[in-house]
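In: Sharing a sequence plus its predicted fold:
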Amino acid sequence: MSTPEPPNLSMVLVALMKGVTYRDADGALWQSLIDLSARVREHVAVLGLDLVLDEAEGYAYLRQLPAAEGETELPRLVVRRQLGYHASLLVALLRKKLAEFDARSGDTRLVLSKSEIIDLVRVFLPDAANEARLVDRVGTQINKIVELGFLRPLRGQEDQFEVQRILKAFVDAQWLSGFEERLAQYRDHAAAELRDRTDETP
């Protein structure tokens, strides 16, 4: 009978430096992270980073710590990405969908088809009547959200995506409580964009 390998701190640190670590992706690595979490926090703190570890949801990542008063700000190791209107809209709608899913389902995996994602944003896009353009635009935004790690394409299932639960860490419940107001702002933005296009039409 083989003996389980001891926790490997180097492997855990390298995985975290590369991005989000998921329990479902590598159970052995996840267990090493759990076992070594205190040592991981000590190591990354030297670099001005903090370990965010959510055992219930099954994800972990590193975030930049603000410099203490009087200390020099360290160069950023964790890239901060600014989302455009359409990408931020899609992230917000996916977060709302995840909250609704959690409220009514005992399952932990929310899987959406590309067409379902398109339907989420359809009302907020000024060119929604042009189906080909809509599909192309939303497809571009889906790819961006996949790159951010909030959506994961299902292997062998074309146009099926799992909403990653780490989305809850970036769009929290307090933010979600003001979501309807933000949706109204998104609708106003879409209406203004449509008016601008109409005005430009000869």
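Out: Alright, I've got the coordinates. Numbering: from 1, shown residues only.

In: name the element Ala103 belongs to?
Out: Here Ala103 sits within helix 85-104, counting by DSSP states H and E.

In: Contacts for whichever helix or strand Gln31 is part of next, please.
Out: Following DSSP H and E, one finds Gln31 within helix 27-45. Identification of contacts with helix 27-45 by CB atoms under 8 Å, 6 or more residues apart in numbering yields 4-5, 7-9, 11-13, 15-16, 21-23, 50-51, 53, 55, 58, 60, 62, 65. For the C-beta atoms, the positions are set from N, CA and C on the backbone; glycine is no exception.

In: What of stretch 53-70?
Out: 16-17, 19-24, 30, 33-34, 37, 44-45, 48-52, 73-74, 76-78, 80, 164-166, 168-169.

In: and what of stretch 155-167?
Out: For stretch 155-167, contacts defined as CB under 8 Å, 6+ apart pick out 20, 22, 54, 57-59, 61, 91, 94-95, 97-98, 101, 108-115, 117, 142, 146, 149-154.

In: what about burial for these, which qualify?
Out: Among the contacts of stretch 155-167, the ones that count as buried by 16 or more other CB atoms under 10 Å are 20, 22, 57-59, 61, 91, 94-95, 97-98, 101, 110, 112, 114, 117, 142, 149-152.

In: And the helices in this protein, which stretches?
Out: Taking DSSP state H as the test, the helices found in the chain are 9-18, 27-45, 85-104, 114-121, 131-148, 167-170, 173-177, 179-200.

In: Can you lay out the ones you listed as TSV showing mean pLDDT?
Out: Shown next, in TSV, are those (pLDDT from 0 to 100):
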stretch	mean pLDDT
helix 9-18	90
helix 27-45	92
helix 85-104	85
helix 114-121	90
helix 131-148	86
helix 167-170	81
helix 173-177	61
helix 179-200	64
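
In: Make JSON lines out of those and add distance to Glu158.
Out: Below are these laid out as JSON lines (distance: least, CB to CB, whole Å):
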{"stretch": "helix 9-18", "distance to Glu158": "27"}
{"stretch": "helix 27-45", "distance to Glu158": "27"}
{"stretch": "helix 85-104", "distance to Glu158": "19"}
{"stretch": "helix 114-121", "distance to Glu158": "9"}
{"stretch": "helix 131-148", "distance to Glu158": "12"}
{"stretch": "helix 167-170", "distance to Glu158": "22"}
{"stretch": "helix 173-177", "distance to Glu158": "31"}
{"stretch": "helix 179-200", "distance to Glu158": "29"}
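
In: For Arg104, the count of nearby residues, please.
Out: For Arg104, the count of nearby residues is 7 (other CB atoms under 10 Å).

In: Okay, and the beta partners of Leu62?
Out: Leu51 (DSSP bridges).

In: That one and Ala99: what is the separation?
Out: 25 Å (CB to CB, to the nearest Å).

In: Comparing those two, which residue is more hemmed in?
Out: The residue with more neighbours, out of Leu62 and Ala99, is Leu62; 21 against 15, by other CB under 10 Å.

In: Next one, pLDDT for the more buried one please.
Out: On the pLDDT scale, Leu62 is placed at 87.

In: That one and Leu94, how far apart?
Out: Note on Leu62: its distance to Leu94, by CB to CB, is 23 Å.
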